[in-house]
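Participant: Sequence plus predicted model, see below.
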Amino acid sequence: MNSTLSSAAVSVRGLTKQYGSRRVLDGVDLDIARGETYALLGPNGAGKSTAIEVLEGVRRAMSGDISVLGEHPLSAPRVWKSRIGIVAQSTGDAGPYTPRELIAHFATLYPNPRGVDEVLDLVGLTEQAKTRATKLSGGQQRRLDVALGIIGRPELVFLDEPTTGFDPEARRHFWAMLDGLTGEGAAVLLTTHYLDEAEYLADRVGVLSGGRIVAEATPELLGGAEARTPVVSWRDAAGVRHEERTAVPGVVVERLMHEAREIGIPTGPAELEVRRPALEDIYLNLIGANGAER
Ligand SMILES: Nc1ncnc2c1ncn2[C@@H]1O[C@H](COP(=O)(O)OP(=O)(O)OP(=O)(O)O)[C@@H](O)[C@H]1O
């Protein structure tokens, strides 16, 4: 995070949004600092895209105080649009054009765009620069979406499930690219269903469930320190299964081995295992506790 820029990139209080009689967002509070990467997590249908679209000025909220780069998205001056970058979940038809042509065209819409070659390289499309966009693979088309979202050197980038369809190598490449972007001070609001992606990229993650942010922290601290405490499990000589949460699993394992040897079991207790809860376990617990949307 860039600590020299302190004013918020996004500041939201009490955001609500309803489709017909169905309330999708029910009082969302959200702050994203300049230079911060924030991953918004939540099950399918939780309202992540809806929230992003409200912040982009594409959808109208029912209520709430919303400030994005210091402006309300629906009353922001034209130049505000050039300060944000949007990679939506689905994008339109690219027509008969190549990535180079599309990126070059989009570059003309911004006052201070990146170079076309630089962006092609950043997203890993240099080799496909002259291939018709419609002939690109799904992952390559997604990279083109990202290219069009960052060509204008945005101060804030909205990335709605940006790496869906990427192969593992492309995903790593994308992560490195994003490191470069945020290194230049851009704030990022990202949605993803890949918990490893959130863990790698995000300064903070928020979990949207039941229309609200139900948990928010750095990836290391989500769910509280307790949630990350390792669990030692084993089966005793009578076949009864035990679990012990402990910050010192090695000490517990040592004790169990010693106790087992004492009663003539040199190999230790059956099914002895140490589990360290991953972000995914903690996320699933949070979603479970707050009722998943389906
Ligand atoms: N234009 C719309 N009209 C009516 N309902 C909508 C509209 N757009 C979205 N919804 C509904 O609002 C809810 C939230 O949708 P949204 O796309 O914001 O969720 P999401 O968290 O982004 O989901 P996903 O992870 O599947 O992309 C869903 O139940 C969806 O069906």
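Facilitator: It's in. Numbering: from 1, shown residues only.

Participant: L41 - how many residues pack around it?
Facilitator: For L41, the count of nearby residues is 27 (other CB atoms under 10 Å). Every residue, glycine included, has its C-beta placed from N, CA and C.

Participant: do the same with D31
Facilitator: As a burial measure, D31 scores 16 neighbours (other CB under 10 Å).

Participant: who's in contact with it?
Facilitator: Applying CB atoms under 8 Å, 6 or more residues apart in numbering, one finds that D31 lies in contact with A8, V10, S11, V12.

Participant: can you put the residues you listed in TSV and add neighbour count, distance to the ligand and secondary structure?
Facilitator: TSV is the format used below for those (neighbours: other CB atoms under 10 Å; distance: CB to the nearest ligand atom, whole Å; DSSP: H, G, I helix; E, B strand; the rest coil):
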residue	neighbour count	distance to the ligand	secondary structure
A8	18	23	strand
V10	20	17	strand
S11	17	20	strand
V12	22	15	strand
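
Participant: Now N44. Its backbone dihedrals?
Facilitator: As for N44, its main-chain torsions (degrees, to the nearest 10) stand at phi -50, psi 130.

Participant: Can you check the pLDDT for it?
Facilitator: Each residue has a pLDDT score; the one for N44 is 92.

Participant: before we move on, what about the one 4 residues further on?
Facilitator: K48 carries a pLDDT score of 95 in this model.

Participant: ok, now E293?
Facilitator: 48.

Participant: same check, this time on P168
Facilitator: P168 is assigned a predicted lDDT (pLDDT) of 88.

Participant: returning to what we had before: with pLDDT added, can I get the contacts of D31 in JSON lines?
Facilitator: Compiled in JSON lines, the contacts of D31 are given as follows (pLDDT from 0 to 100):
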{"residue": "A8", "pLDDT": "92"}
{"residue": "V10", "pLDDT": "97"}
{"residue": "S11", "pLDDT": "96"}
{"residue": "V12", "pLDDT": "96"}
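
Participant: Specify which member of those is nearest to Q128.
Facilitator: When these are ranked by distance to Q128 (CB to CB), V10 comes first, at 33.1 Å.

Participant: so the closest one touches G70, yeah?
Facilitator: No: in this structure V10 lies outside contact range of G70 using CB atoms under 8 Å: 10.2 Å.

Participant: how close does the residue of the chain most remote from its centre get to P99?
Facilitator: Centroid-distance maximum for the chain: G264 at 50.5 Å, with CA atoms, centre = their mean. For G264, the distance to P99 under the criterion CB to CB, to the nearest Å works out to 69 Å.

Participant: how about the helices in this structure?
Facilitator: In chain order, the chain shows helices spanning 48-56, 78-81, 99-107, 116-123, 138-150, 168-183, 195-201, 249-262, 279-290, with DSSP state H as the criterion.
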